[in-house]
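*Asks:* 3D, please:
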Amino acid sequence: MKTIIHTDDAPNAVGPYSQAVRTGNLLFTAGQVAIDPAVGKLIEGDITAQAEQVMKNLQAVLAAAGTSFDHVVKTTVFLADMADYAGMNEVYGRYIGSNPPARSAFAVRGLPLGAKVEIEMVVEIPDA
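*Replies:* Numbers count the residues shown, from 1 in each chain. Presented below is the predicted three-dimensional model:
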C-alpha cells in the first residue's frame, strides 16, 4: 500500500507526481529543486543558495511524513555542472550530519526550470 505525502511547506509538484510516497516504513521523495514554496518560483543565486533551498524543501517533506534527515538511507544528487559539487556538498553536509547515508551524484545535461541542483532521497520512517 502506498500513501501520498504532501505539505504546503514544500513546493507543489510541477508535473504529474507526488512530493513523496510512503510504502511500509520507507519514504521515496521526488527530486526537489530550489523552488521557494511561498512564491512557487525557482530562487536566484549560486549553488549554495539553491542547495540550501533544496534541503529546506526536503526537510519539510520529511517532516510531513514523520521522519528526518537522521533516517535518510540513500540520496541521489543531480548537478547541472560538476564544478558545483563542492558548494552543494558543503550545504548538504550541514543538514545530513555525522551519520551520512549512501549517496550518488551525477552531472546532467539540464534540470527542471534551469535549476543548478536536484536532490531525491529514500528515507526510513521510524516506528511511531
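*Asks:* all contacts plus neighbour counts: C-alpha atoms, from now on.
*Replies:* OK.
*Asks:* Residue 40 and residue 11 touch, don't they?
*Replies:* Yes. In this structure, residue 40 is within contact of residue 11 by C-alpha atoms under 8 Å, at 6.3 Å.
*Asks:* More neighbours: these two, which one.
*Replies:* More crowded of residue 40 and residue 11, by other C-alpha atoms under 10 Å: residue 11, with 25 against 14.
*Asks:* Relative to residue 106, how far out is the more buried one?
*Replies:* Using C-alpha to C-alpha, to the nearest Å, we find residue 11 at a distance of 23 Å from residue 106.
*Asks:* Setting the sequence-adjacent residues aside, check what's closest to residue 97.
*Replies:* Closest residue to residue 97 apart from its sequence neighbours, by C-alpha to C-alpha, 6 or more residues apart in numbering: residue 70 at 7.8 Å.
*Asks:* Could you report the pLDDT at residue 126?
*Replies:* Residue 126 carries a pLDDT value of 89.
*Asks:* I meant to write residue 29 there.
*Replies:* 98.
*Asks:* what's near enough to touch the closest residue to it other than its chain neighbours?
*Replies:* With sequence-adjacent residues excluded and distances taken as C-alpha to C-alpha, 6+ apart, residue 29 is closest to residue 20, at 4.1 Å. If a contact means C-alpha atoms under 8 Å, 6 or more residues apart in numbering, then residue 20 has 4-6, 27-30, 61 as its contacts.
*Asks:* go again using 10 Å as the cut-off
*Replies:* 3-7, 13, 27-31, 58, 61-62, 64-65, 120-122 (C-alpha atoms under 10 Å, 6 or more residues apart in numbering).
*Asks:* tell me the phi and psi of it?
*Replies:* Per-residue torsions, residue 20: phi -160, psi 160 (degrees, to the nearest 10).
*Asks:* Thanks a lot, see you next time.
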